[in-house]
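Visitor: Provided below for reference: sequence and predicted model.
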Amino acid sequence: MPESREKLSQHWLMNRGRVILTSLGKEKGMLGVIFKKSQNRIQDPAKLKRLVELINAETWVGLDIDVKGDIYEGLLEKNAEDIKGGAGQYFTPRALIKAMVAVMRPQPKTSICDPACGTGGFFLAAHDYISHNYKLDKEEKQFLKLKTFKGKDIVDGVVRLCAMNLCLHGIGGDECPIQSGDSLASDLGERFEIVMTNPPFGKKSSVTVVNGEGKAEKEALVYERQDFWATTSNKQLNFVQHIKTLLKINGRAAVVVPDNVLFEGGAGETVRRKLLAECDVHTLLRLPTGIFYAQGVKANVLFFDRKAASEKPWTEKLWIYDLRTNKHFTLKTNPLRLEDLEDFIQCYNPENRHQREETERFRCFAYDDLMQRDKASLDIFWLKDESLEDSANLPDPDVLATEIAENLEAALEQFKGISEELGKE
């Protein structure tokens, strides 16, 4: 009899948990976003009870909000390290985020958007920068908490992770600043002073359709938007166009883009020429390989300011910082650190970026010269790769193996794109 009573109690506890989660998921605002479509995966009632007790314990409730946030960030990073099942594709290296925020220098009462917000890394870094670099009054603190940030992500589960991350860092109120959905689908009309983002890697946008034989197939997803310069299935080019739309006049953007955005022809050339003419594209940071959890990524950070309509091109000079040539990083043995980006931050000169000086890794290229390059390509190198000239000073074998694997991944991605294009003809 006692055993059956215990089983009945456990069944009631599990059922009650499902009812509570469903109810919480229907709430409005931040709470509803966090618990949307949530499920109880813990089948052992004793473990569920223990978890509730741990969360409700005084040791957790009494923790400072920054400590809770740091713990959660640590869990997200740990999850990102699990490349097969983790959230690595949504997790931008925090050192890179901090460097981008350091040169963007967000100020109090500035509106900041991330249309591919992932777990909210840019928001947290900007929040930390504003909190520690300015003495905020009450109104500015309220603005920072409730009105500064606006984000969107296409994956419901990631939106939940981001909402929890912001909540644990004291960002947001009854209304959730994060939405779930496809940022590229339409222009909702809201404009921002700063956009910082790392859109998801992968060249093509696609949807899964079921054909007449019941087989699932991938079809290229093309966004038909009147505010875009070019119509393409390349989601990275679409994000660049979308980000330009999101900015207020004189608004500033910092966006991570893969190499193909710098040299691809067709729509890519159209987007580059339009961007250079209608915006002030002033800085390009060429990133090293081995810093992202997603493999095979060769990426850059593009910095540009949106400008008002003008017959004269807004871009006068593009400054390029090469952090890739002769640089070797790995996720575990030699990860990218903020110190590795200090020279870039200094060269960028965020106090007055119009007063810059060329260095070995920092070069300036005039607009007219860029326009004369094949397809207006921004894929520019000038440093000699020492590993090609001096076989005695090769990197460690594990670094070489990682770089070879990443180069092969990148090549396969490009071949796949070419194959898809040929298949359309």
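Guide: Noted; the coordinates are in hand.
Visitor: how about the secondary structure of residue 53?
Guide: Per DSSP: H, G, I helix; E, B strand; the rest coil, the local secondary structure of residue 53 is helix.
Visitor: now do residue 341
Guide: Following three-state DSSP, the label given to residue 341 is helix.
Visitor: return the per-residue confidence for it.
Guide: In this model, residue 341 is scored at 98, pLDDT.
Visitor: would you check that it makes contact with residue 93?
Guide: No. Using CB atoms under 8 Å, residue 341 is not in contact with residue 93, being 9.9 Å away. Backbone N, C-alpha and C define where each C-beta goes, glycine included.
Visitor: residue 139 belongs to a helix?
Guide: Yes. Counting by three-state DSSP, residue 139 falls inside a helix.
Visitor: any idea how far residue 133 is from residue 363?
Guide: 30 Å (CB to CB, to the nearest Å).
Visitor: more crowded one of these two?
Guide: Between residue 363 and residue 133, counted using other CB atoms under 10 Å, residue 363 has the larger neighbour count: 16 against 13.
Visitor: show me the protein divided up by domain.
Guide: As given by automatic domain parsing, the domain ranges for the chain are 1-62, 66-424.
Visitor: where among those is the average confidence lowest?
Guide: domain 1-62 (a mean of 63).
Visitor: the stretch 151-300 of the chain: helices as residue ranges?
Guide: Using DSSP state H, counting those that start in this stretch, the helices of the stretch 151-300 of the chain run over residues 156-168, 235-246, 260-263, 267-278.
Visitor: would you turn these into a markdown table with mean neighbour count?
Guide: Output for the helices of the stretch 151-300 of the chain, formatted as a markdown table (neighbours: other CB atoms under 10 Å):
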| stretch | mean neighbour count |
| --- | --- |
| helix 156-168 | 22 |
| helix 235-246 | 24 |
| helix 260-263 | 20 |
| helix 267-278 | 20 |
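Visitor: which one of these lies nearest to residue 309?
Guide: Smallest distance to residue 309 across the helices of the stretch 151-300 of the chain (CB to CB): 7.7 Å, for helix 267-278.
Visitor: which residues does that closest one contact?
Guide: With CB atoms under 8 Å, 6 or more residues apart in numbering as the test, helix 267-278 has contacts from 229-232, 234, 237, 240-241, 244, 260-262, 281, 304, 306-307, 309-310, 313-315, 318, 367, 370-371, 375-378.
Visitor: in strands, which of those residues appear?
Guide: Judged by DSSP state E, these include 281, 304, 306, 318 as members of strands.
Visitor: check these against residue 121 and report the nearest one.
Guide: For those, the minimum distance to residue 121 (CB to CB) is 20.7 Å, reached by residue 304.
Visitor: tell me what the closest one is bridged to.
Guide: Beta-bridge partners of residue 304, counted by DSSP bridges, are residue 253, residue 281.
Visitor: from here on, call the first residue 145.
Guide: Renumbered: residue one is now 145, and that last one reads residue 448.
Visitor: about what we covered before: want to try TSV for the helices of the stretch 295-444 of the chain, with distance to residue 498 as columns?
Guide: Output for the helices of the stretch 295-444 of the chain, formatted as TSV (distance: least, CB to CB, whole Å):
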stretch	distance to residue 498
helix 300-312	35
helix 379-390	22
helix 404-407	24
helix 411-422	18
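Visitor: alright, calling it a day.
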